[in-house]
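Engineer: build me a model from this:
(4 chains)
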Number of protein chains: 2
Amino acid sequence: MSVVDAAAGVFCREGYAGANIDLIAAEAGVSRQTVYNHHGDKEKLFVAVVRDLTERCNAGIFATIATFPDQPTDLEADLITFAVRMNRNCICSRDGRFLRKLIQAEGERYPELFAEWRERGPGRTWSALAARFARLALAGHLSIGDPDVAARQFLALVNAELQITFMLGGTPTEEEVQHSASNGVRTFLNAFARKKQPAGKQPVLAHA
Amino acid sequence: MSVVDAAAGVFCREGYAGANIDLIAAEAGVSRQTVYNHHGDKEKLFVAVVRDLTERCNAGIFATIATFPDQPTDLEADLITFAVRMNRNCICSRDGRFLRKLIQAEGERYPELFAEWRERGPGRTWSALAARFARLALAGHLSIGDPDVAARQFLALVNAELQITFMLGGTPTEEEVQHSASNGVRTFLNAFARKKQPAGKQPVLAHA
DNA sequence: ACAAATTTAGACACCCTTGTCCAATTCGTC
DNA sequence: GACGAATTGGACAAGGGTGTCTAAATTTGT
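Structural biologist: Below you'll find the model as predicted:
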């Protein structure tokens, strides 16, 4: 296990102040001196950990967004699959949980570092997801007012049942992830699936 | 400012390990010895802080739930008002933000303490809210399958736009709270408002 | 006003952590 | 096998934090 990986675990478990370089070195299987040789000091190591987690998480999130069902066969099933993949691979993963906890615990102490995360992570994620939902709406599968709002609400809904587990640092079971995603997507589609409207008000849809 | 109030602030800002008794004493305006006289040691003080926050937050949440619109005149407007009150008074309040952060940061270190919080807080909150939604459904205002799921999704939706701000420890503006609540309630009602057709899965219109 | 209880400031021992230095050892590569 | 680079363990100083103690000052109750 690399030094930054071990450091990520210890920083998460103990907090920045409580993290102990000797323990990080021990968990990484190297001597303390090697930690200092590689990363300078505790603060630089912490920054390296956050950057590493941010980069890996973002990569995973964008890889997952690339699997968004642009041409769904069964919209509900496809969205559930997508939501489960997002939750399992990005939100519940080791990296995802660690990054979230570090941001919550130490975000205020490193404004520039976490501003960078915010803009490159959630900022782009939401935009990308909103674009996919907008496309689904344009293709006539959904009826969406503001795609950005819909994207945020989609993520909020499919995570609704996992909040408490996340709060306490736990990892939801596969069943919980499935359950939360299914319930979330069902409600999402109840809200945003194209509705039958009064005959005169039926919007004209582009056939593309 | 009391010792526990000062301690809550310092524990939140600095984390448990980073919190410094001298600083807590200074912020509370007492001597360090008085802190030790009152609370024994750092760990006991921390437990006292969490218990205090939990109790006050729970009281606030139940007081707010008591204002749930059981006989709505304008369901959308009434639910938005309720959601704003919940967010402003319980979720965004000093106590709410502090308790959330302490749970996230130190929850794993004190399992029994936070198990207690979980059962007395979110556990009862969700039940109480679910009961209110069930009553609204019975009165014909909503079409709800599982009231527990609806309650969790309601809370998730009205908070959807505030997540990032919470992550970084910030306090949303009144406008942001209003905006998030309005969007969340609109989607919630789109999903759960009583439909003409019998409750059930709505067919997704595939525009072939 | 007086006595008891509380609070205070300061000093103190003890422990832990960070970060540096260095000599010995191991590793990688030719 | 040999040589340079990296790693290791251990010692070390400096700093900071916890928790205790004590004598003086202050508040409180009567």
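
Engineer: tell me, what residue is most central in chain A?
Structural biologist: What sits nearest the mean C-alpha location of chain A, by CA atoms, centre = their mean, is A:Ile91, with 4.5 Å.

Engineer: max-length helix in chain A?
Structural biologist: Taking DSSP state H as the criterion, chain A has its longest helix at helix A:42-65.

Engineer: other SSEs contacting that one?
Structural biologist: helix A:3-18, helix A:21-28, helix A:32-39, helix A:75-86, helix A:94-106, helix A:111-118, helix A:124-138 (3 or more CB pairs under 8 Å, 6 or more residues apart in numbering or on different chains; DSSP states H and E). Glycine gets a C-beta too; all of them are placed from N, C-alpha and C.

Engineer: and of those helices, who's closest to DNA strand C?
Structural biologist: Closest to DNA strand C of the helices and strands packed on helix A:42-65, according to CB to the nearest atom of the strand: helix A:21-28, at 3.7 Å.

Engineer: packing partners for the closest one?
Structural biologist: Here helix A:21-28 touches helix A:3-18, helix A:32-39, helix A:42-65, going by 3+ CB pairs under 8 Å, 6+ apart.

Engineer: quick one: buried residues of the last one?
Structural biologist: Within helix A:42-65, the residues scored as buried using 16 or more other CB atoms under 10 Å in any protein chain shown are A:42, A:45-46, A:48-50, A:52-54, A:56-58, A:60-61, A:64-65.

Engineer: now find how far off-centre that helix is within its chain.
Structural biologist: Centre-to-centre, helix A:42-65 and its host chain are 12 Å apart (CA atoms, centre = their mean, to the nearest Å).

Engineer: what about it and DNA strand C, any contact?
Structural biologist: Yes - counting by CB under 7 Å from any atom of the strand, DNA strand C is contacted by helix A:42-65 at A:42-43.

Engineer: need the residues that contact that helix.
Structural biologist: Applying CB atoms under 8 Å, 6 or more residues apart in numbering or on different chains, the contact partners of helix A:42-65 are A:3-4, A:7-8, A:11, A:16, A:19, A:21, A:24, A:35, A:39, A:82, A:85-86, A:89-90, A:93, A:95-96, A:98-99, A:102, A:106, A:110, A:113-114, A:116-117, A:120-121, A:124-125, A:128-129, A:132.

Engineer: low-confidence ranges, chain A, go.
Structural biologist: For chain A, the stretches with pLDDT under 70 are A:195-208.

Engineer: what about dumping the CA coordinates of stretch A:40-57 to CSV?
Structural biologist: The C-alpha trace of stretch A:40-57 is given here as CSV (Å, rounded to 0.1, in the frame of the first residue of the first chain):
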residue,chain,number,x,y,z
GLY,A,40,8.2,16.9,3.0
ASP,A,41,5.9,17.4,5.9
LYS,A,42,2.5,16.5,7.3
GLU,A,43,0.6,19.4,5.5
LYS,A,44,2.2,18.6,2.1
LEU,A,45,1.3,15.0,2.6
PHE,A,46,-2.3,15.9,3.4
VAL,A,47,-2.6,18.0,0.3
ALA,A,48,-1.1,15.2,-1.8
VAL,A,49,-3.7,12.9,-0.3
VAL,A,50,-6.6,15.2,-1.2
ARG,A,51,-5.4,15.8,-4.7
ASP,A,52,-4.9,12.1,-5.3
LEU,A,53,-8.4,11.3,-4.1
THR,A,54,-9.9,14.1,-6.0
GLU,A,55,-8.3,13.1,-9.2
ARG,A,56,-9.3,9.4,-8.9
CYS,A,57,-12.8,10.2,-7.8
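
Engineer: centre of the chain versus that stretch, how much separation?
Structural biologist: Distance of stretch A:40-57 from its chain centroid, counting by CA atoms, centre = their mean, is 18 Å.

Engineer: any bit of that stretch sitting next to DNA strand D?
Structural biologist: No - on the criterion CB under 7 Å from any atom of the strand, stretch A:40-57 is out of touch with DNA strand D, staying 12.9 Å away.

Engineer: what residues does chain A have near DNA strand C?
Structural biologist: Listed as neighbours of DNA strand C in chain A under the rule CB under 7 Å from any atom of the strand: A:19-22, A:32-33, A:36, A:41-43.

Engineer: by neighbour count, which of the residues you listed wins?
Structural biologist: Within those, A:Ala19 tops the neighbour count with 21 neighbours, counted by other CB atoms under 10 Å in any protein chain shown.

Engineer: check contacts around that one.
Structural biologist: A:7, A:10-11, A:13, A:42.

Engineer: mind running it again at 10 Å?
Structural biologist: Counting by CB atoms under 10 Å, 6 or more residues apart in numbering or on different chains, A:Ala19 touches A:7, A:9-13, A:42, A:45-46, A:49, B:15, B:17.

Engineer: run through who's touching stretch A:24-37.
Structural biologist: Contacts for stretch A:24-37 (CB under 10 Å, 6+ apart): A:1-11, A:13-14, A:20-23, A:38-39, A:41-42, A:44-45, A:49.

Engineer: list the buried residues for it?
Structural biologist: Under 16+ other CB under 10 Å, the buried positions of stretch A:24-37 are A:24-25, A:27-28, A:30, A:35.

Engineer: how about the helices and strands packed on helix A:42-65 in CSV, adding distance to A:Ala193?
Structural biologist: Converted to CSV, those look like this (distance: least, CB to CB, whole Å):
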stretch, distance to A:Ala193
helix A:3-18, 39
helix A:21-28, 49
helix A:32-39, 51
helix A:75-86, 8
helix A:94-106, 29
helix A:111-118, 31
helix A:124-138, 10
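
Engineer: how about those helices, which one is nearest DNA strand D?
Structural biologist: Set against DNA strand D and scored by CB to the nearest atom of the strand, these come closest in helix A:32-39, at 3.4 Å.
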